[in-house]
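> take this sequence and fold it.
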Amino acid sequence: MTDRLAGKRIVITGAAQGIGLAMAEAFAKEGAALLLIDRDGPLLEEQAVRLRDQRAHILSATADITDAAAISSAIGQAAVEIGAFNALVNNAGVNVFSEALSLSDEDWTRCFDINLKGAWNCSRAVLPGMIAAGGGVILNIASTHAFTIIPHTFPYPVAKHALLGMTKALGLEYAAHGVRVNALAPGYVRTQKVIDYWNSFPDPAAAEAETLSLHPGRRIAAPSEIALAALFMISDECPFMTATCLTVDGGLSVLHHP
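Numbering: from 1, shown residues only. Modelled structure (predicted):
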């Protein structure tokens, strides 16, 4: 622990598991006060209690990021207790993969409501306070889908491309107010969602081996490795970085697959 995030009051969405939980653990160890948001209330509270037992300063709120009023209320109530938030990680998201013409209108709406509008709902809730305070940080968890396309994953990469566009637009819009807006693009990460994907195949071990073979290092990231990159971007160690995206994918998006 180095107190790299001392004085930071950070909102993390999708914080009950996976990358969001790994970030909560890493940020708490570095002295940040956190508001953890997730729509899975019981799991969120279980993790919040565990972190509080480690003397972390943790608030939690069960809310759906697609509900702008609920998000605004959760952030506003927490700010009364610990002060206005000066950092936000828009981590919550959902995979919606389809062949384009097979996609239902409902799944299109769900994809964009969660992966794009939800990030905007949260950003809109914290931006006024950041502007008034003269600075802040918003970090959008994007994906390598934000700049590459895998067939039959429509419309998820469309939403992630749009999230990257929003990152750049907000970064430029509020740079003069001291607000930095960036994106972090993980590739494959060993989360429960990825494990469940492997387990959906008749031979999960073969499915995992195929995924690993796509990577130059023959492995994928641990959630904690993504959290370390997020820690850097949320900290004050990159004060001139805004409106850009950091890729953390082990070289996957650079490697040419013939």
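> what segments of this protein are strands?
9-13, 33-38, 57-62, 87-90, 97-98, 136-141, 154-155, 179-186, 245-248 (DSSP state E).
> I'd like these laid out as CSV, including distance to Ala24.
For every residue, glycine as well, the C-beta is placed using N, CA and C. Shown next, in CSV, are the strands of the chain (distance: least, CB to CB, whole Å):
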stretch, distance to Ala24
strand 9-13, 6
strand 33-38, 6
strand 57-62, 8
strand 87-90, 9
strand 97-98, 27
strand 136-141, 13
strand 154-155, 29
strand 179-186, 15
strand 245-248, 18
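> for His257, give me the pLDDT.
As predicted, His257 sits at a pLDDT of 75.
> tell me the contacts of Thr43?
Small correction: residue 43 is Leu, not Thr. 16-17 (CB atoms under 8 Å, 6 or more residues apart in numbering).
> so where is the stretch 151-258 of the chain shaky, pLDDT-wise?
The stretch 151-258 of the chain contains residues with pLDDT under 70 at 258.
> same list (the strands of the chain) but as CSV, adding mean neighbour count and distance to Ser213.
As requested, the strands of the chain are arranged in CSV below (neighbours: other CB atoms under 10 Å; distance: least, CB to CB, whole Å):
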stretch, mean neighbour count, distance to Ser213
strand 9-13, 27, 32
strand 33-38, 26, 33
strand 57-62, 19, 39
strand 87-90, 27, 31
strand 97-98, 16, 20
strand 136-141, 26, 25
strand 154-155, 20, 24
strand 179-186, 25, 18
strand 245-248, 18, 19
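> same for the longest helix anywhere in the chain, what does it pack against?
Using DSSP state H to define each element, the chain has its longest helix at helix 156-173. Under the contact criterion of 3 or more CB pairs under 8 Å, 6 or more residues apart in numbering; DSSP states H and E, helix 156-173 touches helix 105-112, helix 118-133, strand 136-141, strand 179-186.
> got the buried residues for the first one?
Meaning helix 105-112. 107-108, 111-112 (16 or more other CB atoms under 10 Å).
> list of residues touching it?
94, 96, 98, 155-156, 158-159, 162.
> check the shortest one too.
By CB under 8 Å, 6+ apart, the residues outside strand 136-141 that reach it are 19, 85-91, 93, 119, 123, 126-127, 129-130, 163-164, 166-167, 170, 178-184, 186, 230, 233-234.
> ends of stretch 171-189, how far apart?
The first residue of stretch 171-189 is 26 Å away from its last residue (CA to CA, to the nearest Å).
> what's the spacing between it and its chain's center?
Taking CA atoms, centre = their mean, to the nearest Å, the mean C-alpha location of stretch 171-189 is offset from the chain mean by 11 Å.
> could you do stretch 106-120 as well?
Counting by CA atoms, centre = their mean, stretch 106-120 comes out at 14 Å from the chain centroid.
> can you give me the end-to-end span of that stretch?
Start and end residues of stretch 106-120 are separated by 20 Å (CA to CA).
> before we move on, what about stretch 127-141?
Span of stretch 127-141 from end to end, CA to CA: 17 Å.
> just stretch 9-25 next, same as before
14 Å.
> before we move on, what about stretch 80-87?
16 Å.
> who's in contact with the residue lying closest to Val248 once chain neighbours are set aside?
Excluding the flanking residues, the one nearest Val248 by CB to CB, 6 or more residues apart in numbering is Ala229, at 4.8 Å. Shown in contact with Ala229 (CB under 8 Å, 6+ apart): 184, 246, 248.
> looks like the first one contacts Val248 (just checking).
Yes. Using CB atoms under 8 Å, Leu184 and Val248 qualify as a contacting pair, with a distance of 6.5 Å.
> need the residues touching each of those two.
Joint contacts of Leu184 and Val248 (CB under 8 Å, 6+ apart) are 226, 229.
> tally of neighbours for Met241?
Look at Met241: counted by other CB atoms under 10 Å, it has 15 neighbours.
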